[in-house]
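Undergrad: Sequence first, predicted model second:
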Amino acid sequence: MTSLWLARPTRIEADDPAAAPRVFDEIVVGAGLTGLVTAVLLARAGRRVGVLEARGVGAAATGNTTAKLSVLQGAHLQRVRRRTSARVLQAYVDANLAGQAWLLDYLGDRGVPVQRLDAVSFAATPAGREIVEREAETAREAGLHVMTDVADDVPFEVHASARLAGQAQFDPMDVLEALAAELRGLGGVICEGVRMTGASVGRPVRVRTTAGAFSCERLVLATGTPILDRGLSFAKLRANRSYAAAYRTDAALPQAMYLSVDEPTRSIRTAPDPDLASGAADLLLVGGYGHGVGRHPSPRSRVDALDEWTRSTWPDAALTHRWSAQDYETPHGVPFVGWMPRGRGRVFIATGYDKWGMTNAVQCGLTLAADLLGELPDWARTLRHRFTTPVALGAGIGINAAVAKHYAVGWGRALVTRLPEAPPPEGAGSVGRVGRAPVPTAASTVDGVTCRVSGICPHLGAVLAWNDAERTWDCPAHASRFTADGVRLEGPAKRDLRR
């Protein structure tokens, strides 16, 4: 599956790791929106900045987002309010407004195409009406001018809706291309295909990678979930996988960005059609239908459900692209950003955007740059010193209880399952024991090739689960993901699976 944004050739230039400098003031790990915003702000201040990316620029969350730059975020604001306080909610909204304003100014200055549209949170069922009304009330409490109206430009029933004018959407790779060009113009370095494998947090910080060692004064981890375990961030996050698809249709398209507040989540927007010969001005993008990483028996069924709903709503819809993304949720509903515990003030992180990475990535980049260069904004200081409410504590306990359950279920099933000698059918994967081996084996067949790898996640030893939509091995504990032949894709794991 390839996203609409990553399907076209990139115009991003990277540096040769073998010829790149080995010493920097700051090293940023992860070349998504958070990493590149942070790196650009540091480079503007005259810092020597290196960005290390395990795959390619935008290969993970940013290149697979639906790219809505909105402060109205489904039903998220009421979740923040319920788990924190009115003061923290206001700081969260102020942070998102700051991130939104910074990015819009940046894109406007560089002529990057942006579509300014309203954002609409809607109820697809009668039960969702109360959620919409509560979200509108919460948004107004934080100073947002939200209207409740009837959505009349979509071909499905809407039971209630809340609308915030003046939001935006764009191609996220256009954003990364502009940021990467500015960074390299300021003397910054971007190395693709370089995976960080560890770090020694001394003076200087020594960063171990697949391309050798680098050193820096301070290290920024902008990798979705931090790939160092020092702060135990992996134990404070819930990972979710969601799906998206682009369609060409002759039907009338929505004139706003829509997101349902009830299940299954449905996210709807448009995007300029890259195929000018098609005659269509815009494509229809539909996303949602998410689930916990490694915790659904058939992710393919979620992809199929999204497609079936789209075709039942727009009968002539023709699929052009399909993709997925991974997001992390914190117990508070507010990102973790700033110095990493046990990082001696030299390691910084940003994670936990809960599907709202466009505004939150930028506000976290602003926060990280302020951490490293100067005074924090008031909203960043408030978010950093939030207290843990009983509701947030309960959410955190729930996150770890679910992890414990999947450790027990995964190992219990793997130890009593014998892996057949015959290869799995095409597109299938299974985990079980081979002979008397104490460690489960994961076997899969993809494109006619059968691979057998360790069925245990190298991070903390959970039994992996097969993702039949993406043909990957996914960890149900802390959401590391691997290709069918064991190559690490994302998550806190730092090694590939053993063949």
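TA: That came through fine.
Undergrad: Which pLDDT value does the model give residue 281?
TA: At residue 281, the model reports a pLDDT of 83.
Undergrad: Make residue 1 into 274 and carry on from there
TA: Happy to do that; since the first residue is 274 now, the last one works out to residue 554.
Undergrad: Would you map the helices across this protein?
TA: 306-317, 349-356, 359-382, 402-414, 445-458, 572-586, 630-646, 651-657, 663-689 (DSSP state H).
Undergrad: Just put those helices in CSV and tack on distance to residue 749 and mean neighbour count.
TA: C-beta here means a position set from N, CA and C on the backbone, and glycine is covered the same way. What follows is these, written out as CSV (distance: least, Cβ to Cβ, whole Å; neighbours: other Cβ atoms under 10 Å):
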stretch, distance to residue 749, mean neighbour count
helix 306-317, 25, 27
helix 349-356, 23, 22
helix 359-382, 29, 19
helix 402-414, 28, 19
helix 445-458, 28, 21
helix 572-586, 12, 17
helix 630-646, 23, 24
helix 651-657, 30, 19
helix 663-689, 4, 15
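Undergrad: gap between the helix or strand bottoming out on mean pLDDT in the chain and the chain center?
TA: One helix or strand of the chain scores below all others by mean pLDDT, DSSP states H and E: helix 663-689, with a mean of 82. How far helix 663-689 lies from its chain's middle: 22 Å, per Cα atoms, centre = their mean, to the nearest Å.
Undergrad: helices or strands next to that helix in the packing?
TA: helix 349-356, strand 702-705 (3 or more Cβ pairs under 8 Å, 6 or more residues apart in numbering; DSSP states H and E).
Undergrad: Please convert those to TSV, extending it with mean pLDDT and distance to residue 635.
TA: Formatted as TSV, these follow (pLDDT from 0 to 100; distance: least, Cβ to Cβ, whole Å):
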stretch	mean pLDDT	distance to residue 635
helix 349-356	95	16
strand 702-705	94	38
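Undergrad: Return, as residue ranges, the portions of this protein with sub-threshold pLDDT.
TA: 549-553 (pLDDT under 70).
Undergrad: How is it divided into domains?
TA: 387-441+510-602, 668-763 (automatic domain parsing).
Undergrad: can you tell me which of those domains comes nearest to residue 455?
TA: Closest to residue 455 of the domains of the chain, according to Cβ to Cβ: domain 387-441+510-602, at 17.2 Å.
Undergrad: Spell out which residues sit in contact with residue 514, please.
TA: Residue 514 is in contact with 563, 564, 565, 566, 572, 597, 598, 599, 740, 747, counting by Cβ atoms under 8 Å, 6 or more residues apart in numbering.
Undergrad: what do you get for residue 662?
TA: 356, 357, 358.
Undergrad: Of the helices of the chain, which is nearest residue 475?
TA: Among those, helix 630-646 sits nearest to residue 475 (Cβ to Cβ), with 18.0 Å.
Undergrad: can you tell me how far residue 625 sits from residue 528?
TA: 32 Å (Cβ to Cβ, to the nearest Å).
Undergrad: The two: which has the busier surroundings?
TA: Neighbours per residue (other Cβ atoms under 10 Å) separate residue 625 from residue 528, with residue 625 holding more: 24 against 13.
Undergrad: ok, the residue nearest to the more buried one when sequence neighbours are not counted - how many residues close by?
TA: Distances taken as Cβ to Cβ, 6 or more residues apart in numbering place residue 603 nearest to residue 625, at 3.8 Å, with adjacent residues excluded. Using other Cβ under 10 Å, residue 603 has 21 other residues around it.
Undergrad: Go ahead and confirm residue 603 touches residue 510.
TA: Yes: counting by Cβ atoms under 8 Å, residue 603 touches residue 510, with 6.3 Å between them.
Undergrad: Return the residues in contact with residue 378.
TA: So residue 378 contacts nothing (Cβ under 8 Å, 6+ apart).
Undergrad: And for residue 295?
TA: Counting by Cβ under 8 Å, 6+ apart, residue 295 touches 485, 486, 487, 488.
Undergrad: Name the member of those residues with the most neighbours.
TA: Most crowded among those, counting by other Cβ under 10 Å, is residue 487 at 27 neighbours.
Undergrad: partner residues bridging that one?
TA: On the basis of DSSP bridges, residue 487 is bridged to residue 480.
Undergrad: just checking, it touches residue 299?
TA: No: distance between residue 487 and residue 299: 11.0 Å, which falls outside the contact criterion (Cβ under 8 Å).
Undergrad: Now for these two: what residues contact both?
TA: Joint contacts of residue 487 and residue 299 (Cβ under 8 Å, 6+ apart) are residue 323.
Undergrad: coming back round to it: turn the domains of the chain into JSON lines, columns for distance to residue 630.
TA: Shown next, in JSON lines, are those (distance: least, Cβ to Cβ, whole Å):
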{"stretch": "domain 387-441+510-602", "distance to residue 630": "7"}
{"stretch": "domain 668-763", "distance to residue 630": "14"}
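Undergrad: and of these, who's closest to residue 329?
TA: domain 668-763 (12.3 Å).
Undergrad: Relative to residue 533, how far out is residue 729?
TA: 37 Å.
Undergrad: Distance to residue 346 for the contacts of residue 295 - can I get that in TSV?
TA: Converted to TSV, the contacts of residue 295 look like this (distance: Cβ to Cβ, whole Å):
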residue	distance to residue 346
485	41
486	40
487	36
488	39
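Undergrad: Among the contacts of residue 662, pick out the one closest to residue 396, please.
TA: Checking the contacts of residue 662 against residue 396 by Cβ to Cβ gives residue 356 as the nearest, at 21.7 Å.
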